[in-house]
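Asks: I'll drop the sequence and a predicted model, then ask my questions.
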Amino acid sequence: MIPATGPVIGPMMTEALLLAAILAPLALAVALATPAGGWVLRALPLAAVPALAAVALLAAPAAVAEPWLLMGAGFGMEGLGRAFLGFTAVLWAAAAWAARGWLRHTDHAGRFAACFLMAMAGNFGLILATDVPGFYTFFALMSFASYGLVIHAGTPGARGAARLYIGFVVVGELALFAGLALAVAQAGTLELAGIRAAGLSDPAAWLVIAGLGVKLGVMPLHVWLPPAHGAAPAPASAVLSGAMIKAGLWGMMAVLPLGTMVLEDHGTVLLAAGLVALFAAVLLGLREASPKAVLGWSSVAQMGLVALGIGAALKAPVAWTVLGPGLVALAAHHALAKGALFLGAGAVAAQAAVAARVALMLALAVPA
């Protein structure tokens with residue numbers, strides 16, 4: 001776990017680091033459109049450096065307000081958020097490093113890199129956002145940019161997986177928007193902390209859980225996940241499974257009144273969905289021949305554990321002090337292990353020599 005203390009950094013440096021974590025990937029995505037944009041493909045791993053620097057250098061909590069952005073955006077990083085941003089940035093950096101080599105041998109490298117960078121910016125932004133407009137904007141940016149990652153190969157399988165993915169994204173975004181709008185109207189504030197303190201009405205909570213549950217891959221909202229992860233290139237699969245589905249967990253932690261309010265029925269539904277996913281996804285994954293599809297089903301099962309934790313916290317708020325750090329630790333473990341397995345699956349497939357393939361598979365026994 002990343003400690004909650006850090007070097008003393010002034011307000012200007014705090015603002016610069018928090019904004020750079022989001023703006024650096026976006027700036028590189030824009031630079032791809034310039035005549036000299038080819039250098040961006042070689043510099044892809046650098047996009048995650050400001051986020052890693054923010055985790056390493058900023059003490060938690062850290063917060064800044066940007067009145068000029070959106071409806072007056074705020075960004076911040078507290079204890080669990082710092083840990084969340086830390087493992088997310090590490091995985092994006094590793095996937096970007098793998099993509100850097102892979103992009104030299106694929107068509108439409110610039111298109112993939114642009115979608116990759118925008119999804120990265122959205123992922124970092126939704127973790128750092130402290131208000132509803134910022135959270136929803138970056139959540140949507142990440143979700144829609146990822147469509148380009150899923151469809152990149154252009155095969156019939158990739159197009160089918162991308163259609164399924166974008167259909168679930170649109171429905172999930174509509175549910176999330178409606179739930180957040182109800183929550184804002186009820187709480188009378190755009191701040192996520194104010195919404196958590198005010199609590200959510202039953203309809204708002206159902207809509208938020210449904211919208212974020214699509215991203216988390218909670219059964220029965222998981223249908224898009226195994227095909228999308230199987231169709232996307234290995235660097236994209238690593239962040240789709242290791243980082244971006246965790247946006248569903250972070251969103252629930254940011255919006256739901258965990259630790260302060262009992263939502264009995266909502267907790268029961270999540271507990272049931274988590275238990276079903278934990279066992280059913282494993283059995284369904286055994287039918288798959290593609291390693292990445294198997295890993296996708298494994299992620300559905302692991303997100304069942306996350307649903308169990310959120311469901312338990314909604315039924316017993318007093319348990320959140322233990323469940324919150326535990327879920328973040330589980331998310332970090334899953335992100336790094338599953339990211340390594342997806343990247344490893346791509347590396348194994350790229351090896352022609354049998355000895356190299358065997359050596360890589362033996363190395364992958366560690367994260368497995």
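Replies: On my side now, so go ahead.
Asks: and the residue nearest to residue 332 when sequence neighbours are not counted, what does it touch?
Replies: Residue nearest to residue 332 in three dimensions, not counting chain neighbours: residue 87, with 4.0 Å by Cβ to Cβ, 6 or more residues apart in numbering. All C-beta atoms are positioned from the backbone trio N, CA, C, and that covers glycine. For residue 87, the contact set (Cβ atoms under 8 Å, 6 or more residues apart in numbering) comprises 331-332, 335-336.
Asks: quick one: the residue sitting nearest the centre point of the chain from residue 28, how far?
Replies: Of all residues in the chain, the one closest to the mean position by Cα atoms, centre = their mean is residue 244, 2.1 Å from it. Applying Cβ to Cβ, to the nearest Å, the value for residue 244 to residue 28 is 18 Å.
Asks: Ok, residue 339 next?
Replies: 21 Å.
Asks: Ok, residue 133 next?
Replies: 24 Å.
Asks: Comparing these two, which shows the higher neighbour count?
Replies: Between residue 133 and residue 28, counting by other Cβ atoms under 10 Å, residue 28 is the more crowded of the two (25 against 17).
Asks: so who does the more buried one touch?
Replies: So residue 28 contacts 40, 43-44, 46-47, 117 (Cβ under 8 Å, 6+ apart).
Asks: Walking through the stretch 201-350 of the chain, point out its helices one by one.
Replies: Using DSSP state H, counting those that start in this stretch, the helices of the stretch 201-350 of the chain run over 202-216, 225-231, 234-239, 246-255, 264-285, 291-315, 320-350.
Asks: Check the stretch 1-150 of the chain too.
Replies: Applying DSSP H, counting those that start in this stretch to the stretch 1-150 of the chain gives helices spanning 11-31, 38-42, 49-57, 79-102, 109-128, 132-150.
Asks: Need the winner for burial among those.
Replies: For these, the largest average neighbour count (mean count of other Cβ atoms under 10 Å) is found in helix 109-128, namely a mean of 24.
Asks: list the helices and strands that one packs on?
Replies: Using 3 or more Cβ pairs under 8 Å, 6 or more residues apart in numbering; DSSP states H and E, the elements in contact with helix 109-128 are helix 11-31, helix 38-42, strand 73-77, helix 79-102, helix 132-150, helix 234-239, helix 246-255.
Asks: how far is the second one from where the chain is centred?
Replies: Its chain's average C-alpha position is 24 Å from that of helix 38-42, according to Cα atoms, centre = their mean, to the nearest Å.
Asks: again, but for the third one
Replies: Going by Cα atoms, centre = their mean, the spacing between the C-alpha centre of strand 73-77 and its chain's C-alpha centre is 18 Å.
Asks: next one: the fourth one
Replies: The offset between the C-alpha centroid of helix 79-102 and the centroid of the whole chain comes to 10 Å, using Cα atoms, centre = their mean.
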